[in-house]
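**Student:** need coordinates for the following:
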Amino acid sequence: MAPKRPQAPQPPGNTGAPRGRTGGSPLEHVGNGVKFLGVSVLSGVLLAGLALPAVGAIGLTAKDTAESFENIPDDFKTPPLTQATQIFDAKGGLIAKVYERDRTVLTADQMSPFMRQAQVDIEDARFYEHGAVDLKGVLRAISKNAESGTASQGASTLTQQYVKNVNVEKAGDDQAAVLEAQRKTLGRKIQELKVAIKLEEDLSKDQILTNYLNITFYGHQAYGVEAASQRYFSKSNKDLTVAEAATLAGMVQNPSSFDPVRYPENTVKRRNVVIDKMVENKHITADQAKEAKAAPLGLKYKDPQNGCITAQAGMGFFCDYVRHVVKQDPAFGKSAEERKKLWDTGGLNIYTTLDPDKQAAAQNAVTKKVNVTDTVSAAATMMEPGTGKILAMAQTRPYGLDPNKNQTVVNLNVDAAMGGGNGFQTGSTFKPILAAAALESGMSNTQAFPSENKIEYPQMSTCSGTWKNVPTPSEGKATVKNESAGEVGPYQLKQAMALSVNTYFVQMEQQVGLCAMKQMANKLGITQSAKGDPFKEVPSMVLGTMELSPLTMANVYATFAARGKYCTPVAINKISTVDGKDIPVPQSQCSQAFSEQTADSLNAVLLNVTEKGTAAALGLDDGRKIAGKTGTTDEKKAAWFSGYTPSLATSVWLGGPAGGVKMKNINIGGKHFDEVFGADGPGPIWQMAMNQALKGTPLEPIETANIPDPQPATPPAGATPPADPNAQPQPPAGNPPPPAGNPGGNNNAGGMIGGGFTFPPGIVGGPGNGGKHGGGNGNG
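**Tutor:** Numbers count the residues shown, from 1 in each chain. Okay, here's the model as predicted:
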């Protein structure tokens, strides 16, 4: 928010009309007149010197002056005025208005004629008769100052005031530079005179007046006549009445003293002085003046609305994301300085990808299922498969700066570089990425692995060598285990994904290699952690130890929905300037991350998760097909559900905003949880959001490969038979029971849980240094 221009304090009741006589001796009165006369005469001499012979007193020659005239910056002819930028959703609704200066630049024909006449009449009635300097005005000021006993009556022309205002505008938010631009020194006065004279040669009077009316400050953060008209009267400047135009024109002398909100009576008196001037200069009739003076002030004041903090329906975080895109994407400037200038200058209409209906659905879900005062929070991102468009971005805690109201400006949906946090471990929602790599490498979609209940991490190949499980004296070799003693293989892929069997995916990981999984993750947009740490090839990666954002995971699952077509995320459809020029915006870059054949097998596997696996309770009201994966991390510090239909992919995270809340024996949204799992924490949030977002839209089939259910295997003597996802097993101790009315659903609401491996030597936080939470465990 731009600071207000410094104003000399004026007492309420100062109408701006000439003051009566003040105290003081006649000699003092004469002295004031002489002082002003001396300055005025000097100014006249200087003025002559600018066009005629050398002015030795200030060291300027006629040649110097002529050269400086030729070098007057274009900023004075067409000042680069900062304006308000408006950000719109995909249906044209205003998300927020952001500005350094709240200003909308108008052309002369877009302004009220009353406004133009009133401003001239009260500030420089002879504007169209004199040049850059009004010699009659100088003489009149000498007389008035001598009479009043002060040197308060000035003789600056409107052109000179405009030059000063340009200097103030160029100073921007630098308060010291603003004060310097307003200093009343001889050198500055000379410079302003020089520029004013040249401007009168290069621009018409009408052009100078138009520029002046666009740059001038009218109080309450309103710069220019359009912003002022909207601020005080909630209408466009061209629609102002005589009385309204006179009110604004009268404010310019001192916006603080003639503030119509704080001092309405004072403002009316000043307004009437302006109306009298308009009659005097024959711009309105006596009858018009009488009517205007009889009119009430008639304010329809609107408070300044600046920044993403004013956005409604939880759109503030997406608004802030758009700001980061403009200030960081090279499409908007080669350097950070160029991009910042574009944003700060403003005057942009930014049309985004945000779907207000889907945003409302996501925001409703994350705030209905989780309370703002809870120790945990939820975040959800929705994306359109095959386009990269971000359709919704919501989180429980509101956008704002007051921690006492549980507000935050940290966007938990995005990476740190884009205004987000450090991300969160993803748990078993990462497992489908390995499955995609395996299927793409040629592995069968019915591939079985022994999937013993507990195994040591096997040696694995990496892109640059080999990962080895080196034992420690105290712990031995690092191990990974499944949730319950009953989870013993062999399992095939569809069954293992439905049950989220840890050892199955570690064995798959060994066969495929860490490099192939990393390369697939890279193709899906995962090249580093949310806070910017490099990608590490370690076995625990498949269990979701890497900390990522909901936006990243939503785009991964959007790729699954688009049958392997990956598209970089985009938030902006179009940008145009206020004068109608289009600015190129970054386009989504799409590529085929894996084949449609691989995608169809993966869809079949993830569809089975929502029909017979850990997410079986999350079906939508209209019965449409959905596919997805649950995930819960070590100590229940984060829980996820990422899922999709062919037209909409949504990823929901639930956990402590700083990542340290163990979601055990906890109340969330007024409901008690012994433990939180992907299916019963974030899952219902996803379900509520998708039900609302997709209501009334056509049902769409998910393209799947035909993967037969495995035949029950005969276990070795003494072994526990493998779990059958087509049956309704008994819940293991500590897990929540299956939801009522869910035939065929897996009872394990959260999938695999709890401390599923020990740490190898030299690696903090589990295999792969999974981050501050101590290594994810791949829970479903």
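**Student:** where does the stretch 151-300 of the chain have low pLDDT?
**Tutor:** By pLDDT under 70, the weakly predicted segments of the stretch 151-300 of the chain are 151-155, 173.
**Student:** can you give me the strands for the stretch 301-450 of the chain?
**Tutor:** 348-352, 377-383, 390-395, 424-425, 448-449 (DSSP state E, counting those that start in this stretch).
**Student:** ok now stretch 168-182, how far from the chain's centre?
**Tutor:** Here stretch 168-182 shows a centroid-to-chain-centroid distance of 28 Å under the convention CA atoms, centre = their mean, to the nearest Å.
**Student:** stretch 164-177 too?
**Tutor:** 27 Å.
**Student:** next one: stretch 202-218
**Tutor:** Here the centre of mass of C-alpha atoms in stretch 202-218, compared against the chain's by CA atoms, centre = their mean, lies 33 Å away.
**Student:** contacting residues around it?
**Tutor:** By CB atoms under 8 Å, 6 or more residues apart in numbering, the residues outside stretch 202-218 that reach it are 4-5, 77-79, 81, 103, 105-108, 111, 115-116, 119-120, 127-128, 158-159, 161-162, 165-166, 169, 199-200, 223-228, 231-232, 248, 251-252, 255. Where C-beta positions appear, they are placed from N, C-alpha and C, glycine not excepted.
**Student:** pick the most buried one from the strands of the stretch 301-450 of the chain.
**Tutor:** With neighbours taken as mean count of other CB atoms under 10 Å, the strands of the stretch 301-450 of the chain reach their highest mean count in strand 424-425, at a mean of 32.
**Student:** check what pLDDT the residue positioned nearest the centre of the chain gets.
**Tutor:** Centroid check for the chain by CA atoms, centre = their mean gives D320 as the closest residue, at 1.3 Å. What the model reports as pLDDT for D320 is 97.
**Student:** OK, contacts around it?
**Tutor:** For D320, the contacting residues are 308, 399, 409, 411, 419, by CB under 8 Å, 6+ apart.
**Student:** what do you get for A196?
**Tutor:** Per CB under 8 Å, 6+ apart, neighbours of A196: 132-133, 157, 159-160, 162-163.
**Student:** still on that earlier bit, where neighbours are concerned, which of the contacts of D320 has the most?
**Tutor:** N411 (27 neighbours; other CB atoms under 10 Å).
**Student:** sorry, back to before: and T610, which of the strands of the stretch 301-450 of the chain is closest to it?
**Tutor:** Nearest to T610, of all the strands of the stretch 301-450 of the chain, is strand 377-383, at 17.4 Å by CB to CB.
**Student:** which strands border the closest one, and is each parallel or antiparallel?
**Tutor:** Paired with strand 377-383 in the same sheet, following DSSP bridges, are strand 390-395 (antiparallel), strand 648-655 (antiparallel).
**Student:** and the longest one, how far out from the chain middle?
**Tutor:** Averaging C-alpha coordinates over strand 648-655 and over its chain gives two centres that are 19 Å apart (CA atoms, centre = their mean).
**Student:** one step back: can you redo the strands of the stretch 301-450 of the chain as JSON lines with mean pLDDT?
**Tutor:** As requested, the strands of the stretch 301-450 of the chain are exported to JSON lines (pLDDT from 0 to 100):
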{"stretch": "strand 348-352", "mean pLDDT": "97"}
{"stretch": "strand 377-383", "mean pLDDT": "98"}
{"stretch": "strand 390-395", "mean pLDDT": "98"}
{"stretch": "strand 424-425", "mean pLDDT": "96"}
{"stretch": "strand 448-449", "mean pLDDT": "97"}
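**Student:** could you dump the ones you listed to CSV with distance to E547?
**Tutor:** Converted to CSV, the strands of the stretch 301-450 of the chain look like this (distance: least, CB to CB, whole Å):
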stretch, distance to E547
strand 348-352, 27
strand 377-383, 14
strand 390-395, 17
strand 424-425, 6
strand 448-449, 27
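**Student:** which among those strands is found nearest to W640?
**Tutor:** The closest of these to W640 is strand 424-425. By CB to CB, the value is 7.9 Å.
**Student:** which other helices and strands contact that closest one?
**Tutor:** strand 547-548, strand 638-645 (3 or more CB pairs under 8 Å, 6 or more residues apart in numbering; DSSP states H and E).
**Student:** for stretch 322-337, the distance to its chain's centre please.
**Tutor:** Centroid separation for stretch 322-337 versus its chain: 13 Å, with CA atoms, centre = their mean.
**Student:** can you give me the helices for the stretch 101-250 of the chain?
**Tutor:** Per DSSP state H, counting those that start in this stretch, the stretch 101-250 of the chain carries helices over the ranges 113-123, 135-148, 158-171, 175-181, 186-202, 205-215, 224-233, 242-251.
**Student:** could you export the third one as PDB, CA atoms only?
**Tutor:** Backbone C-alpha positions of helix 158-171 (Å, rounded to 0.1, in the frame of the first residue of the first chain) are rendered in PDB as follows:
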ATOM      1  CA  LEU A 158      -1.300  24.300 -13.100                       C
ATOM      2  CA  THR A 159       1.500  23.200 -15.500                       C
ATOM      3  CA  GLN A 160       4.100  23.900 -12.700                       C
ATOM      4  CA  GLN A 161       2.000  21.900 -10.200                       C
ATOM      5  CA  TYR A 162       1.800  19.100 -12.700                       C
ATOM      6  CA  VAL A 163       5.600  19.000 -13.100                       C
ATOM      7  CA  LYS A 164       6.000  18.800  -9.300                       C
ATOM      8  CA  ASN A 165       3.400  16.000  -9.100                       C
ATOM      9  CA  VAL A 166       5.400  14.000 -11.700                       C
ATOM     10  CA  ASN A 167       8.500  14.400  -9.600                       C
ATOM     11  CA  VAL A 168       6.500  13.100  -6.600                       C
ATOM     12  CA  GLU A 169       5.100  10.200  -8.600                       C
ATOM     13  CA  LYS A 170       8.600   9.200  -9.800                       C
ATOM     14  CA  ALA A 171       9.800   9.200  -6.100                       C
END
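**Student:** where does this protein have low pLDDT?
**Tutor:** Along the chain, the parts satisfying pLDDT under 70 run over 1-73, 137-155, 173, 712-780.
**Student:** please redo it, this time with the cut-off set to 80
**Tutor:** Applying pLDDT under 80 to the chain flags the ranges 1-75, 77-80, 134-155, 171-175, 177-178, 180-187, 483, 659, 711-780.
**Student:** quick revisit: ok, which pair from the contacts of A196 is furthest apart?
**Tutor:** Top of the distance list for those (CB to CB): V133 and Y162, 13.6 Å.
**Student:** compare those two (neighbour count), which wins?
**Tutor:** Between V133 and Y162, counting by other CB under 10 Å, Y162 is the more crowded of the two (26 against 22).
**Student:** pull up the gap between the more buried one and K205, please.
**Tutor:** Distance, Y162 to K205, using CB to CB, to the nearest Å: 11 Å.
**Student:** and for A292?
**Tutor:** Plainly put, A292 is 25 Å away from K205 if you go by CB to CB.
**Student:** so which of the helices and strands packed on strand 424-425 is nearest V325?
**Tutor:** With CB to CB, the closest approach to V325 among those belongs to strand 547-548: 19.0 Å.
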